[in-house]
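Novice: kindly return the folded structure for what I paste below:
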Amino acid sequence: MQDVLKGQIAVVTGASSGIGTGVAKSLAQAGATVVVNYSSSKSQLAAQAVLDEITSAGGSGMIAQCDVSKEAEVEAMFAEVIARYGTVDILVNNAGLQRDAAFHELTLEQWNTVIDVNLTGQFLCARAAIREFLRRGPRPEVSAATGKIICMSSVHELIPWAGHVNYAASKGAIKMLMQSLAQEYGDRQIRVNSICPGAIQTPINRDAWSTPQAYNSLMGLIPYNRIGQPQDIGNLAVFLASDLSDYITGASIFIDGGMTVFESFASGG
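Specialist: Just a heads-up that it's a prediction; the model follows:
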């Protein structure tokens, strides 16, 4: 899919690590100019390293600091990108985090932190992107769609997750956010879809794969018998951002090695 995104500007939130890094690199390889978003000064060096890798491979882009849960910071980031590149064509709403606890011990701060970043952050960034798509209108020379938004959801928009209620609730809400936007703006040729990863080998879930015992236990949930990689998600993001998927909108696409077919029932439950 080389150059299928040539001439397009893509904003990837939370791109300084994990899935976001994989998506940013894949979009750049497909020809997009990529904005590598990072949340705070603590992750600036990591974001710069991602951009350096992109540019050394012949790609282009910039880094942009923004806490996606803060309205003013989101608006400032989009204004900076539009001032530099003229517009935005693709938003990958990837930034997310976990604050895990048993439900009866879950604090309001833990709940609000996860909802603010995982859900409100997607609202704020999607709103900024859609406003820009509507302002400039179609760009048929680069894409059949007026704009593309990819929401990073999870298998946990479908699978309940005890001990992670705030995270699962945020991902279930993303499903309705995504589908409602696809419904509301489809007649303007704005496509909105979700990627729903299962177990992906990133720092956020290190405890699930970092030892042989943990990895073997994880494989009991995955029929395909391997853990996913950030590039797997990046490949799907390129497809959803390109005209190869122009008739796909309002869809949750699970990329999980079969986790959502419930491997534990393979022998009758």
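
Novice: pull the number of nearby residues for L45.
Specialist: Per other C-beta atoms under 10 Å, the neighbour tally for L45 reads 11. Using the backbone N, CA and C atoms, a C-beta is placed for each residue, glycine as well.

Novice: quick one: residues contacting it.
Specialist: With C-beta atoms under 8 Å, 6 or more residues apart in numbering as the criterion, no residue contacts L45.

Novice: mind checking how far it is from H164?
Specialist: Distance of L45 to H164, computed by C-beta to C-beta, to the nearest Å: 29 Å.

Novice: ditto for E157
Specialist: Distance from E157 to H164, by C-beta to C-beta: 13 Å.

Novice: what are the ranges of the strands in the chain?
Specialist: Assigned by DSSP state E, the chain shows strands spanning 9-12, 33-38, 60-65, 90-93, 147-152, 190-197, 252-255.

Novice: now render the ones you listed as TSV, adding distance to T120 and mean neighbour count.
Specialist: Shown next, in TSV, are those (distance: least, C-beta to C-beta, whole Å; neighbours: other C-beta atoms under 10 Å):
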stretch	distance to T120	mean neighbour count
strand 9-12	17	30
strand 33-38	15	28
strand 60-65	18	19
strand 90-93	11	29
strand 147-152	13	27
strand 190-197	17	25
strand 252-255	20	18
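
Novice: and S267, which of those is closest to it?
Specialist: Closest to S267 of the strands of the chain is strand 252-255 (C-beta to C-beta; 22.3 Å).

Novice: ok, and what's touching the closest one?
Specialist: So strand 252-255 is contacted by 153, 155, 157-158, 175, 178, 193-198, 228, 232-233, 236, 240, 260 (C-beta under 8 Å, 6+ apart).

Novice: V4 against Q29, yeah?
Specialist: No: with contact defined as C-beta atoms under 8 Å, V4 does not count as touching Q29 (10.1 Å).

Novice: between these two, what contacts are shared?
Specialist: What both V4 and Q29 touch, as defined by C-beta under 8 Å, 6+ apart, is the set V238.

Novice: give me the more crowded residue out of the two.
Specialist: Per other C-beta under 10 Å, whichever of V4 and Q29 has more neighbours is Q29, with 21 against 17.

Novice: pLDDT score for that one?
Specialist: Looking at Q29, its pLDDT reads 98.

Novice: tell me the contacts of it?
Specialist: With contacts taken as C-beta under 8 Å, 6+ apart, Q29 has the following neighbours: 2, 57, 59, 238.

Novice: list buried residues within those residues.
Specialist: Buried residues within those, counting neighbours by 16 or more other C-beta atoms under 10 Å: 59, 238.

Novice: the contacts of Q29 in helices, which ones?
Specialist: Among these, the residues falling in helices (DSSP state H) are V238.

Novice: and of the contacts of Q29, the nearest to L51?
Specialist: Nearest to L51 among these, with distances taken as C-beta to C-beta, is G59, at 8.8 Å.

Novice: just to revisit the earlier point, could I get the strands of the chain as a markdown table with mean pLDDT?
Specialist: Formatted as a markdown table, the strands of the chain follow (pLDDT from 0 to 100):
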| stretch | mean pLDDT |
| --- | --- |
| strand 9-12 | 99 |
| strand 33-38 | 98 |
| strand 60-65 | 98 |
| strand 90-93 | 99 |
| strand 147-152 | 99 |
| strand 190-197 | 98 |
| strand 252-255 | 98 |
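
Novice: circling back to that earlier point, so which of the contacts of strand 252-255 sit within helices?
Specialist: 175, 178, 232-233, 236, 240.

Novice: my guess is G163 contacts A102. True?
Specialist: Yes: in this structure G163 lies within contact range of A102 using C-beta under 8 Å: 5.8 Å.

Novice: how long is stretch 153-167 from one end to the other?
Specialist: Using C-alpha to C-alpha, to the nearest Å, one end of stretch 153-167 lies 10 Å from the other.

Novice: if we can go back for a sec, and E80, which of the strands of the chain is closest to it?
Specialist: The nearest among the strands of the chain, by C-beta to C-beta, is strand 60-65 at 6.3 Å.

Novice: show me where pLDDT drops low in the stretch 51-200 of the chain?
Specialist: For the stretch 51-200 of the chain, no stretch is flagged by pLDDT under 70.
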